[in-house]
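Enquirer: could you work out the structure for the sequence below:
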Amino acid sequence: MADYELILFKNMAKTGYDGSLKAYQQEGGYAALKRVLSDFSPADVIDEVKKSGLRGRGGAGFPAGLKWSFIPKDYKGPRYLCCNADESEPGTYKDRQLMERDPHQMLEGMAICCYAIGAQKAYIYIRGEFDLGAEILNDAIDEACTAKVLGKDIFGSGFNLEIVVHRGAGAYICGEETALLESIEGKRGKPRIKPPFPAIHGLYQEPTVINNVETLANIPHIINKGASWFAGIGTEKSTGTKIYSVSGHVKRPGNFEAPMGVTLREIIYDFAGGIKGDKQLKAVIPGGASAPFMTPEQIDTPMDFDSIKAIGSMLGSAAITVMDETTCIVWAAMNLMEFFHHESCGQCTPCREGSAWILQILRRIENGLGEETDLALLEELCGRIGGNTVCAFGDAEIGPILSTIKHFRAEYENHIREKCCPLRPKARLAMAH
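Expert: Got it, this is the predicted structure:
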């Protein structure tokens, strides 16, 4: 495993670092914001972020600087930044660590973004279960405002910024950017039809940028060290480092920061120590619960946006779930569909009803009651969901199902033929009615 430079975890790796404003400033914190306010125009900041190649770390991988540039330059009304901290994808826990252990890094990135887009108010939409994170962020904001590095007339520049921590209620769908906006506005968190896009009609129908925690935390480093430095890390089209959250059947689960393009094999066997009990690897989810499954033959694929997409999966949030040879794939698919069915907002009929039917079929296959026509029916149901919903949730929930049928079809057929789960023969799960 080659040596590499930590960016987002650099401070945390130092003994005694406590994430306070004093500790952050001792490591050069808020120097980037001060420099931007004195030496950069808003257009200069956007141009620097564009040149860095930074792509959104929330899942879609859209270029951050390009998104910022969509905000109308001559708009006279308010603009907003919403930091998406609604980290609720199963297996994802990177943003939680960034918020709890180095909150000012994200806050500085938010302030630089707000200056670039002309926003004077920003929201942190944080997952409802993150009690500690919300408390730490509120304390950090108060601390920064008292020190006048946030708030009114920051560094004597005349730039004002108010940051508000907005607690979610635990709905996974509110991680979708327009459902997030609806929730902040006090409405039920249901995705909006696009267009119009948030950059034109976002929060309170005003121009809005939405970026996730990890994306914004990179901004101060890009300003401090330059776009070319950041672009020189990772791959040509996926620059910088990425935080990979590894869980499942590994010896050392956790968050690992490494350059974009590191292979999945390196992450599993070098960073995470290999498979627990030295068992055989059976399957991997590379980018959160909505990413299609990968097989052991595919783990030499570089972990960047384009390489993972090329083999039929997606990098997503880079939450890697590792499954060993004892895992029942049908059970794993059923478990994921239970989550997606529960978290569907119910707005779209294909997603709302289709997820229930898919779950019912998976439950009966796992319980030894599957029929020969079930696999064709599952594929047909997935086909009726994909591309037929307001947001990407429908496509997300069918990805794992279709990929397991593609890569592990024999296991499904064995369940149906043998009338039981070969790997979990004593399991008797509740049947759908």
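Enquirer: shaky segments in the protein?
Expert: Along the chain, segments meeting pLDDT under 70 span 1-3, 425-433.
Enquirer: longest helix in it, please.
Expert: If you go by DSSP state H, the chain has its longest helix at helix 349-366.
Enquirer: what's in contact with that helix?
Expert: Applying CB atoms under 8 Å, 6 or more residues apart in numbering, the external contacts of helix 349-366 come out as 328, 330-331, 333-334, 337-338, 340-341, 344, 346, 370-371, 374, 377-378, 381-382, 384-385, 388-389, 393-394, 397-398, 401, 412, 415-416, 421, 424, 427, 429-432. Using the backbone N, CA and C atoms, a C-beta is placed for each residue, glycine as well.
Enquirer: next SSE after that helix?
Expert: Where DSSP states H and E defines the elements, the next helix or strand beyond helix 349-366 is helix 374-385.
Enquirer: could you give the separation of that next one from the chain centroid?
Expert: 27 Å (CA atoms, centre = their mean, to the nearest Å).
Enquirer: which secondary structure elements does it contact?
Expert: Counting contacts by 3 or more CB pairs under 8 Å, 6 or more residues apart in numbering; DSSP states H and E, helix 374-385 packs against helix 349-366, helix 393-407, helix 409-418.
Enquirer: need these in a markdown table (columns: distance to residue 291 and mean neighbour count).
Expert: Shown next, in a markdown table, are the helices and strands packed on helix 374-385 (distance: least, CB to CB, whole Å; neighbours: other CB atoms under 10 Å):
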| stretch | distance to residue 291 | mean neighbour count |
| --- | --- | --- |
| helix 349-366 | 17 | 20 |
| helix 393-407 | 6 | 22 |
| helix 409-418 | 19 | 16 |
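Enquirer: Provide a list of residues in contact with residue 123.
Expert: Applying CB under 8 Å, 6+ apart, the residues near residue 123 are 80-83, 163-166, 184, 203.
Enquirer: redo that, cut-off 6 Å
Expert: Counting by CB atoms under 6 Å, 6 or more residues apart in numbering, residue 123 makes contact with 82, 164, 166, 184.
Enquirer: helix, strand, or coil at it?
Expert: Here residue 123 is recorded as strand under DSSP: H, G, I helix; E, B strand; the rest coil.
Enquirer: next one: it from residue 110, what distance?
Expert: 10 Å (CB to CB, to the nearest Å).
Enquirer: what does residue 10 give?
Expert: 19 Å.
Enquirer: check residue 418 too.
Expert: Distance from residue 418 to residue 110, by CB to CB: 55 Å.
Enquirer: not counting its neighbours along the chain, what's nearest residue 57?
Expert: residue 214 (3.7 Å; CB to CB, 6 or more residues apart in numbering).
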